[in-house]
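>>> Sharing a model prediction with you, sequence too.
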Amino acid sequence: MNIKKLLLLIVITTCLTPVSAQEHFRMRADYTIKGKSPDGTQHLTIGTVYYDKNIKKVVFDVRFPQKETWVQQDTLLYKIKNGKLIRKSKSLDISDFTIFSMALNGKLSDYGLKDSQFVLTNVEKDGENIISTWEPPAAYKNFMGKVMIMKNNDNITGVIFFNKDNIIISRQFFRKYKMINGMAFPTEIIIEKIINGEKFYEITTYENIKVDDYQNEDKYDFKIPQS
Amino acid sequence: MKKIYLTLALLFVASFSFASSSDLFKLNYDQVKQDFAQLDQLANKVKTENLTYNDLMVTDADMINNMALSSVPSVPLPDGALGIPSFLWGCVLGPIGVVLAYLLTDNDKEEAKKALWGCLAATAGWIIFELVIYGALFGAATAAY
């Protein structure tokens, strides 16, 4: 291959790369969570969530039931009310594992399973749906079961979690996809949890989604006040 | 002819296996939405009128009490599931591990906790074993020079 052809190849591949692997860095969305608990209580939470994958803070600006801000950073969860830090507690470090992170990094379609130790064991096609089955590593099979995911047009539409005895413990449904700045995002997520044989549901809806929002810098990098 | 019957039988069995997997993903969406109709109505009212729980307790206390509406926001981030540091869930199993941590919080905590610590110990042991092997190989390669 002569030098001209090599240069042409480099130029072509460089130009094509951003098209095939467009990555986004931040998003915000108004959210509503509605749920029913086993103890008979009902929950309603309304707010706005901000996430920047470089800052790695998940900021929940809650408006209902009370006006307060929750910030999840590293393994800590901060609760701020009226500009004052009222609670700091340990939390799961979920910043890389939220639906926002998976969507921004283009990993939502396989629910991040490709990056886990789960092994793809089966793929089935049913009309326009593709159902894949993922088994946990052998060492984990004594306390967790397989995970099945359903995709339609490369968008994840359902996830089913089984326990070690092959009984469903939870199902998640991803519905009403919208394209925002070239990124597909489900605007309705229904979680079904099965506890002692009874089904409990939680519905999360997202509205006013903005991807790569250049405003609200103070929200994405929310400064935690001193207590 | 036998081959045709056999092929048809296999296709028949295969079609059943496909159907059963798809069925697992079926959701009675209308029923779920119907169950949440009252919460939907409340959510619309709260959004439109920009209300808080305390506001509702003044104007619609009976409704709030009848609905058993919690004054606590839904917890999107539970405290350390099973008491296990989160990085272990994430590092070992990736995003799916974090979801499982949430799910396992509601199911058989003690059993899962014991099993998970056992698995993590096994993983740690395997990593140490690999480090020793690599160390030995590196040492041998260095000695050869």
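Everything's here; your move. Just so you know, these numbers come straight off a predicted model, no measurement behind them. Residues are numbered from 1 along each chain as shown, chains lettered A, B, ... in the order given.
>>> what is A:Lys81 paired to in the beta sheet?
A:Lys84 (DSSP bridges).
>>> which ones are touching it?
Counting by Cβ atoms under 8 Å, 6 or more residues apart in numbering or on different chains, A:Lys81 makes contact with A:66-69. For every residue, glycine as well, the C-beta is placed using N, CA and C.
>>> Got the phi and psi for B:Gln41?
With angles defined as degrees, to the nearest 10, B:Gln41 sits at phi -60, psi -40.
>>> Likewise for A:Ile189?
phi -130, psi 130.
>>> need the contact list for the closest residue in space to it that isn't next to it in sequence.
Nearest residue to A:Ile189, sequence neighbours excluded (Cβ to Cβ, 6 or more residues apart in numbering or on different chains): A:Thr204, at 4.7 Å. The neighbours of A:Thr204, taking Cβ under 8 Å, 6+ apart as the test, are A:31-34, A:188-189, A:191.
>>> Make CSV from these and add pLDDT and neighbour count to it.
Shown next, in CSV, are the contacts of A:Thr204 (pLDDT from 0 to 100; neighbours: other Cβ atoms under 10 Å in any protein chain shown):
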residue, pLDDT, neighbour count
A:Tyr31, 94, 22
A:Thr32, 95, 22
A:Ile33, 94, 23
A:Lys34, 95, 23
A:Glu188, 95, 15
A:Ile189, 93, 18
A:Ile191, 90, 18
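>>> list the contacts for A:Asn105?
Applying Cβ under 8 Å, 6+ apart, the residues contacting A:Asn105 are A:23, A:53.
>>> ugh, wrong one, I meant A:Leu104
By Cβ under 8 Å, 6+ apart, A:Leu104 lies in contact with A:23-27, A:51, A:53, A:183, A:211.
>>> so which pair among these is furthest apart in space?
A:Glu23 and A:Tyr51 (14.1 Å; Cβ to Cβ).
>>> between these two, who's got more neighbours?
Neighbours per residue (other Cβ atoms under 10 Å in any protein chain shown) separate A:Glu23 from A:Tyr51, with A:Tyr51 holding more: 25 against 11.
>>> The nearest residue to the more buried one once chain neighbours are set aside: how many residues sit nearby?
Distances taken as Cβ to Cβ, 6+ apart place A:Phe100 nearest to A:Tyr51, at 4.1 Å, with adjacent residues excluded. By the criterion of other Cβ under 10 Å, A:Phe100 has 26 neighbours.
>>> now do the one 3 residues further on
A:Ala103 is flanked by 21 other residues according to other Cβ under 10 Å.
>>> That one: what secondary structure?
Of the three states, A:Ala103 takes helix according to DSSP: H, G, I helix; E, B strand; the rest coil.
>>> How about the contacts made by it?
Shown in contact with A:Ala103 (Cβ under 8 Å, 6+ apart): A:24, A:27, A:183-185.
>>> and if you look at A:Arg63?
A:46-48, B:50, B:52.
>>> Could you pull up the mean pLDDT of the helix or strand where A:Leu44 lies?
Here A:Leu44 is covered by strand A:42-52, with elements defined by DSSP states H and E. In this model, strand A:42-52 has an average pLDDT of 95.
>>> Dump it to PDB, keeping only the CA atoms.
Taking C-alpha atoms only, strand A:42-52 is exported to PDB below (Å, rounded to 0.1, in the frame of the first residue of the first chain):
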ATOM      1  CA  GLN A  42     -48.000   4.300  48.100                       C
ATOM      2  CA  HIS A  43     -45.100   6.500  46.900                       C
ATOM      3  CA  LEU A  44     -44.900   9.500  44.700                       C
ATOM      4  CA  THR A  45     -41.700  11.300  43.900                       C
ATOM      5  CA  ILE A  46     -41.300  14.100  41.400                       C
ATOM      6  CA  GLY A  47     -38.100  15.900  40.500                       C
ATOM      7  CA  THR A  48     -35.300  16.400  38.100                       C
ATOM      8  CA  VAL A  49     -32.200  14.300  37.700                       C
ATOM      9  CA  TYR A  50     -28.900  15.600  36.500                       C
ATOM     10  CA  TYR A  51     -26.000  13.400  35.500                       C
ATOM     11  CA  ASP A  52     -22.600  14.100  33.900                       C
END
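>>> and the residue nearest the centre of chain A, backbone torsions?
Nearest residue to the geometric centre of chain A (Cα atoms, centre = their mean): A:Ile99, 0.8 Å. Taking degrees, to the nearest 10, you get phi -60, psi -30 for the backbone angles of A:Ile99.
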